[in-house]
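>>> sequence plus predicted model, see below.
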Amino acid sequence: MTNDIFQGYKGRALEVLKNYNVRVWGKAKVETTRGNFEGTVLPRSENDDDKHIVMKIATGYNIGIDTDTINNMTEEGYKKANYAIPEKEFPYSDKNPNVKLFGTGGTIASRLDYRTGAVIPAFSPGELYGAVPELADICNIDTEKVFAVFSENMGPKQYIALAKAIGKEIENGIDGIMIGHGTDTLHHTGAALTFMVQNSPVPIVLVGSQRSSDRPSSDAALNLMHAARTAGHGDIAETLVCMFGPTSDEYGLLHKGTRVRKMHSSYRSTFRTIGDIPVATVIKDAVHPIHKRYNPRRKDRNVIIKPYFDDRVTMLYYYPGMKPDTIDSLVDNGYKGIVFVGTGLGHVNKELYPAIERAQAKGVHMYMTLQTLWGYVHMFVYDTGRDMMAKGIIPAGNMLPEVAFIKLGWALGQTQDPEEVKKLMLTPINDEITEREPYNGYLIYQGGIPEVEEFIKKVHK
């Protein structure tokens, strides 16, 4: 056997495969000291160790088998897998609304590359339909691959391009917009599009997936169906984030682009509305608003596109003992805006005061948000806050730090005048600052407490 049929295997693992005459993509039975397994032998990542053989078992999950535990292996068949999903032309129906799907990349548009072991942006929007044919029952989808990047590579350039593309589609009469996007910075893009695409007459729905499409627990298909229902049939004409509600597949949630945040690294129900309640729940055949206030769908095409951003803006997460040269270096490098993420009601230490004064003298625009996420900046309560306001730091209400960062970049893309920037920052566009947070907009339960455990038994996890 030649090494080209042992893709990625080396050392001890390669010896085991050769010894038992088992190839990559071979369907094998493996007897080990920890039990017997059946499945397909998969390629290894070129950077992985040489002590494990990887198999995809019948459940669809991949397992690693320690070579030191293997007593016997038998190849009982061979079929090289093709993990590419063919593109399919989307079927058109006069009865369905027309939705534009912009592809940007991310897990919802990705698959596992067994050569490297990495999840890569490999699905085109057309392949998404090939993977989720149920979409054709919901709406007509025209697809366009705008970018093919993970969400950490999304930024101002991409926000501006998306805003302009959305504006053109709305002017051309589209019934709704979907944007496939990686989840890690989904909330940043949601905020950016809220500010850049105003007065939209149709829903703009950002949708992602926590788990890639080749995994049995993937949320990609259901999230896409929920997003399609929202974009094509929903009445909420805002920038929304559409992801799982509970960890089960019972329903999805729609969150405002300015009040949402990713709160868990791997849970499918990772997105939460902060300081408010979600806008709506969504299932495959209906959208149910739960928020009393939202912008309804309209028939006109009067959208306002403001595709501006100055990237000389940063967030500065305060920590005890922070040195003034942190701020000085930002100013020296030409930054024009700083969003502080302060402690408590909006505080930093007094050692930073001289640097803050120097930043103010250089015309740097400075705003305060909170590490607590929930609640409002109250800088007039303690002397610390009052001192910082006197030195030019402006409280940003209950704006989330990432939203304030995005909005400050957007504002500075239009003007450098301090009063105009302040007016743009503190005038809400879509609930990035609210007059109050409802009592049920702050819910964090602690497990182990009797009343909480009793409550958990009654709800879906």
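On my side now, so go ahead.
>>> avg pLDDT for whatever helix or strand Gly167 lives in?
Using DSSP states H and E, Gly167 sits in helix 156-171. In this model, helix 156-171 carries a mean pLDDT of 97.
>>> list the contacts of the residue lying closest to Leu345 once chain neighbours are set aside.
Spatial nearest neighbour of Leu345, excluding adjacent residues (C-beta to C-beta, 6 or more residues apart in numbering): His378 at 4.2 Å. C-betas here are computed from N, CA, C, even on glycine. His378 makes contact with Leu345, Gly346, Gly385, Pro395, according to C-beta atoms under 8 Å, 6 or more residues apart in numbering.
>>> redo that, cut-off 7 Å
Applying C-beta atoms under 7 Å, 6 or more residues apart in numbering, we find His378 in contact with Leu345, Gly346, Gly385.
>>> over to Lys336?
Contacts of Lys336 (C-beta under 7 Å, 6+ apart): Asp310, Arg312, Val313, Val364, His365, Leu412.
>>> thought the second one was touching Leu330?
No. Shown here, Arg312 and Leu330 do not form a contact pair, counting by C-beta atoms under 7 Å, at 9.3 Å.
>>> who has more neighbours out of the two?
Leu330 (20 against 15; other C-beta atoms under 10 Å).
>>> which elements pack onto the host helix or strand of that one?
Assigned by DSSP H and E, Leu330 belongs to helix 325-332. When contacts are defined as 3 or more C-beta pairs under 7 Å, 6 or more residues apart in numbering; DSSP states H and E, helix 325-332 packs onto helix 353-361.
>>> same thing but 8 Å
Helix 325-332 sits against strand 313-317, helix 353-361, with contacts defined as 3 or more C-beta pairs under 8 Å, 6 or more residues apart in numbering; DSSP states H and E.
>>> and the direction of the shortest one versus that of helix 325-332, what angle?
Put plainly, it is strand 313-317. Strand 313-317 and helix 325-332 are oriented at 180 degrees to each other (axes from the mean of the first three to the mean of the last three C-alpha atoms, to 10 degrees).
>>> who does strand 313-317 pair up with?
strand 337-342 (parallel) (DSSP bridges).
>>> who touches the strand it pairs with?
Here strand 337-342 has contacts from 310, 312-318, 327, 330, 346, 348, 359, 364-371, 377, 393, 396, 401, 404-405, 408-409, 412, using C-beta under 8 Å, 6+ apart.
>>> same question, stretch 411-423
Residues contacting stretch 411-423 (C-beta under 8 Å, 6+ apart): 306, 308-310, 312-313, 336-337, 363, 365, 394, 408, 424-425.
>>> how close does the residue nearest to Tyr445 when sequence neighbours are not counted get to Glu437?
Among residues not flanking Tyr445 along the chain, Val452 sits closest, at 4.8 Å (C-beta to C-beta, 6+ apart). Distance of Val452 to Glu437, given as C-beta to C-beta, to the nearest Å: 21 Å.
>>> which of these two has more residues huddled nearby?
Glu437 (17 against 11).
>>> how about the more buried one, what does it touch?
Glu437 sits next to Gly275, Asp276, Trp374, Gly375, Tyr376, Asn398 when contact means C-beta under 8 Å, 6+ apart.
>>> using the three-state scheme, assign it.
Assigned by DSSP: H, G, I helix; E, B strand; the rest coil, the conformation of Glu437 is coil.
>>> give me the phi and psi angles of it.
Main-chain dihedrals, Glu437, degrees, to the nearest 10: phi -100, psi 130.
>>> distance of it relative to Thr239?
Going from Glu437 to Thr239 by C-beta to C-beta gives 20 Å.
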